[in-house]
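Enquirer: No sequence on hand, only this structure:
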């Protein structure tokens, strides 16, 4: 692999470091998925495993909702029409910040 050298000022370096740090949870999640897949004989990654890892990394969070969020609300499909309020899993502020 060829290394590219360039001159950068302190602001450029700080911006690159901030972007790198913002990507760390996503990179950790991706790495975990690859490891899980290999452990399972290169099979599928279990959805619960993926979801739990994303919650642990702060990328997903539970939000209490009083009604379905729209026509394709998965919570309404999962919990049913009479289970409100309920907890809905959504991207966290950190999850929405992905560069």
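Expert: Now that the structure is in, tell me what you want to look at. Note that the coordinates shown come from a computational prediction; the quantities given were computed from them, not determined experimentally. Numbers count the residues shown, from 1 in each chain.

Enquirer: Quick check: the gap between the most centrally placed residue in the chain and residue 31.
Expert: Ranked by distance to the mean C-alpha position of the chain (CA atoms, centre = their mean), the top residue is residue 59 at 4.0 Å. To residue 31, residue 59 is 13 Å away according to CB to CB, to the nearest Å. Quick note: C-beta positions are derived from backbone N, CA and C, even for glycine.

Enquirer: how about the strands in the protein?
Expert: Under the criterion DSSP state E, the chain contains strands at 60-65, 86-91.

Enquirer: what does the first one contact?
Expert: With contact meaning CB atoms under 8 Å, 6 or more residues apart in numbering, strand 60-65 is reached by 51, 54-55, 75, 84-92, 95.

Enquirer: rerun that using 10 Å as the cut-off
Expert: For strand 60-65, contacts defined as CB atoms under 10 Å, 6 or more residues apart in numbering pick out 29, 50-55, 69, 73, 75-76, 84-95.

Enquirer: Run through the helices of this structure in chain order.
Expert: 10-39, 47-56, 74-79, 93-96 (DSSP state H).

Enquirer: other SSEs contacting the first one?
Expert: Secondary-structure packing of helix 10-39 (3 or more CB pairs under 10 Å, 6 or more residues apart in numbering; DSSP states H and E): helix 47-56, helix 93-96.
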